[in-house]
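*Asks:* fold the following and give me the result.
(2 chains)
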Amino acid sequence: MAIAHLKLIDWLIIIIYFAFVLGIGFYLKRQTKTTKDFFLAGRRNSAWLAGLAFLSANMGALELLGMSGQAYKYGILTAHFYLIGAVPAMLFLGIFMMPFYYSSRIHSVPGYLDLRFNNQTRTLNAIGFAIMTLLVSGINLYAMALVLNAFVGWNMNICMWVSSATIAVYIVLGGLGSAIYSEVLQFFLIWFGLLLAVVMGIIDFGSWSTIKAHLASSYLHLWSNTATTVSNPMLVNWFGIVMGLGFVLSFGYWTTDFLVVQRTFSARDLRSAQMTPMIAAFFKMALPFVVVGAGLVALVLVQTHQISPLKKPDDALLVLLHHYYPAGLLGLGVTALLAGFMSGQAGNVSAFNTVFTYDLYRHYIVKNASDHHYVVVGKIMTIVGILISIMTAYWAMTMPSIMEYMQALFSIVNAPLFATILLGMFWRRINGTGAFWGLLVGMVTSAITFLLVRYHILSPAVVAFNPHASPMAVNFWRAIWVWIITFSLTIIISYMTPPPEEKRLQGLVYKRSMMPNYKQLAWYKRPVIWAIIAFIILLVLNIIYW
Amino acid sequence: MELEQKKHSGAMLWILIGYILMIYGILIFGYGLYHLVIKRPFHTALANIHPDMVWGIIMLIIGFLFYIFNRKHIVEGKK
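*Replies:* This next block holds a predicted model:
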């Protein structure tokens, strides 16, 4: 891939971005005094603000580059990650789970596990989440340096240290509020910085239909070629997509991963918190236009010999920026990627400092200190988290295969956790002993299975019923198995041990009467109406691209 | 009162986004115009349709709308 050369105007645009995010930190510093301010952004955010941050926390540059690369390889099938692989889980979170999360006034997802089950379950999840978050943050940082080094020739060390120092400053100053504000800013930069590349591609070829005409049929369908594992380029059948991606991985991520769920906690009231994932769901369904569109336009550009074949699929989006963006716009595109990388790291670090301070430090080290003390600890842990991320990035530099492990991390931590939380919220008989052992065995099973398949000790056929299953198919199937193991074991152990005390379950387990009733509000203010509209759009999109 | 303060805080972000879109819009449009005036074309695909100038104007307008629609919350918050 040719290196793009930045001009003075591009640098100016990048510098303005840095000035704005630092400015946000200094602006929020005045409002960030208590733990509620620092760790929950004061619980003052509107549904729109929290909703865009909720989506942006997941919309990092690594994800955008990776998914446009997947679209280049697999076509429209990639859109499953934005449709069935996200929307149903987001709607479920908003309608059914948010009343428990928000009303219990917890600061973190492990906090819910403590209230509902016991401290061991909370600690197990907190440690797993803290490790996962810092690893992901470090790998994200390494990926940023790698991409920007290859694309615009930046020095990797300077790139990592400058971006990390900027993040450290604005998170220490404004806490979660800074992370959320920078994520919302990132949302707009990504749309304005990357959407034009796809629009230019469409203008270049005359229409979307012309682009589709250049592509094989297998690249243009969501479901019609998923009857068997060999009938589509992703080598995954419909059951793997529905159960692995659409159910376990998606629900595991969107409903239990504290990085995204933390954004809903910052909403100003329960209705806003419920609306947060609804708003995000609409934009999530629009994202394939940029991400999948970029991959397909790049593919057609290669097929029509307008650009040389990509060295690796993940370059698809970068190639489009280089091909279509003149100076000025190129700076905007690079800023969008930079914002995506930086706010991704900021999101991870702000989630880490909360889980560490509330679920580990406050519980095991200093129990009854002042509010100010915990804010200081949160700030210190922000810097520690950033430094560990940098160390992880250098570690990844010496061992690039670490990138492969990132995919597995989510199925190790989130897939079993979804079974635990689902049972906890909807089944009163489930107790702490069952939850702890179910979660532990689920996490260990997932990690061991991943390593056995990775080092060819176990055939992919054992996990995914196909000796030639793609890593993605194995990932989907591993998540399904781990979820089933955690789910079953939690129930069995719970029934073998005494039931939980009834008073412990108040407000933490589903009761129909607990669901908020918004009958007094106009229809357009009710979360359930927006959930129905989002679901209908999801169905329509699936039918159009069946 | 508390709700107004919350609205004020959120509106500040939308105004900031309005500012950054306007600044970027002006810079990108201005640089495209400069290239057009000095008759030094860009060497990227479809440079002839001046995507920088078109996109710069769009960003400027949207940024301005963000500013206008959220300004009243800031004024109310200050009162």
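
*Asks:* use CA for all of it now, contacts and neighbours both
*Replies:* OK.

*Asks:* near chain A, which residues of chain B show up?
*Replies:* Contacts of chain B with chain A, taken as CA under 8 Å from any CA of the partner chain, map to B:6-7, B:10, B:13, B:17, B:20, B:24, B:27-28, B:31-32, B:42-47, B:52, B:55, B:59.

*Asks:* so how do I select the buried members of these in ChimeraX?
*Replies:* To isolate the buried subset of the residues of chain B next to chain A in ChimeraX, counting by 16 or more other CA atoms under 10 Å in any protein chain shown, use the following:
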select /B:6,7,10,13,17,20,24,27,28,31,32,42,45,46,52,55,59
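
*Asks:* shaky segments in chain A?
*Replies:* In the predicted model, chain A carries pLDDT under 70 at residues A:1-2, A:400-404, A:407, A:512-513.

*Asks:* 50 instead?
*Replies:* A:2 (pLDDT under 50).

*Asks:* close to chain B: what parts of it are there?
*Replies:* Taking CA under 8 Å from any CA as the contact definition, chain A meets chain B at A:9, A:13, A:20, A:44-46, A:49, A:181, A:185, A:188, A:192, A:196, A:200, A:204, A:322-329, A:332.

*Asks:* check the offset of the one helix or strand residue A:342 maps to from the chain's centre.
*Replies:* Using DSSP states H and E, residue A:342 sits within helix A:329-355. With CA atoms, centre = their mean, to the nearest Å as the basis, helix A:329-355 stands 12 Å off its chain's centre.

*Asks:* tell me what it is packed against?
*Replies:* Using 3 or more CA pairs under 8 Å, 6 or more residues apart in numbering or on different chains; DSSP states H and E, the elements in contact with helix A:329-355 are helix A:8-29, helix A:61-74, helix A:119-152, helix A:156-205, helix A:258-265, helix A:316-324, helix A:371-398.

*Asks:* now do 7 Å
*Replies:* Contacts defined by 3 or more CA pairs under 7 Å, 6 or more residues apart in numbering or on different chains; DSSP states H and E place helix A:329-355 against helix A:8-29, helix A:61-74, helix A:119-152, helix A:156-205, helix A:258-265, helix A:371-398.

*Asks:* what's the most buried one of the ones you listed?
*Replies:* helix A:258-265 (a mean of 28; mean count of other CA atoms under 10 Å in any protein chain shown).

*Asks:* now the element after the longest helix seen in chain B, going C-ward?
*Replies:* Ranked by residue count under DSSP state H, the longest helix found in chain B is helix B:2-37. Next helix or strand after helix B:2-37 toward the C-terminus (DSSP H and E): helix B:51-78.

*Asks:* how close does residue A:268 sit to residue A:102?
*Replies:* Between residue A:268 and residue A:102 the computed distance is 10 Å (CA to CA, to the nearest Å).

*Asks:* sec struct for the residue nearest the centre of chain A, please.
*Replies:* When CA atoms, centre = their mean is applied to chain A, the residue found nearest the centroid is residue A:58 (3.2 Å). Here residue A:58 is coil, with the state taken from DSSP: H, G, I helix; E, B strand; the rest coil.

*Asks:* same check on residue A:509?
*Replies:* What three-state DSSP gives for residue A:509 is coil.

*Asks:* that one: neighbour count?
*Replies:* Using other CA atoms under 10 Å in any protein chain shown, residue A:509 has 19 other residues around it.

*Asks:* surely it meets residue A:423?
*Replies:* No. Using CA atoms under 7 Å, residue A:509 is not in contact with residue A:423, being 9.1 Å away.

*Asks:* could you check the angle helix A:258-265 makes with the helix or strand in which residue A:271 is found?
*Replies:* Assigned by DSSP H and E, residue A:271 belongs to helix A:270-286. Computed by axes from the mean of the first three to the mean of the last three CA atoms, to 10 degrees, the angle separating helix A:270-286 from helix A:258-265 equals 130 degrees.

*Asks:* residue of the stretch 51-200 of chain A nearest chain B, please.
*Replies:* residue A:185 (6.4 Å; CA to the nearest CA).

*Asks:* pull the contacting residues for that residue.
*Replies:* residue B:17 (CA atoms under 7 Å, 6 or more residues apart in numbering or on different chains).

*Asks:* next up, the contacts around residue A:61.
*Replies:* Counting by CA under 7 Å, 6+ apart, residue A:61 touches A:337, A:340, A:341.

*Asks:* actually residue A:480, not the one I wrote
*Replies:* Taking CA under 7 Å, 6+ apart as the test, what residue A:480 contacts is A:243, A:244, A:248.

*Asks:* the residues you listed in strands, which ones?
*Replies:* Assigned to strands by DSSP state E, none of the contacts of residue A:480 qualify.

*Asks:* which of those sits closest to residue A:300?
*Replies:* residue A:244 (30.4 Å; CA to CA).

*Asks:* state whether the closest one and residue A:477 are indeed in contact, as I suppose.
*Replies:* Yes. The pair residue A:244 / residue A:477 is scored as a contact, 5.8 Å apart, by CA under 7 Å.

*Asks:* from residue A:495, how far out is residue A:165?
*Replies:* Taken as CA to CA, the span from residue A:165 to residue A:495 is 51 Å.

*Asks:* show me what contacts residue 67?
*Replies:* In the absence of a named chain, chain A is used. A:78, A:291.

*Asks:* please go with chain B instead
*Replies:* Residue B:67 touches B:15, B:18, counting by CA under 7 Å, 6+ apart.

*Asks:* now do 8 Å
*Replies:* With contact set as CA atoms under 8 Å, 6 or more residues apart in numbering or on different chains, residue B:67 has these partners: B:14, B:15, B:16, B:18, B:19.

*Asks:* out of these, who's the most crowded?
*Replies:* Busiest of those [other CA under 10 Å] is residue B:18, holding 23 neighbours.

*Asks:* now it: closest residue in space that isn't a chain neighbour?
*Replies:* Leaving aside its chain neighbours, residue B:18 sits nearest to residue B:63 (3.8 Å; criterion: CA to CA, 6 or more residues apart in numbering or on different chains).
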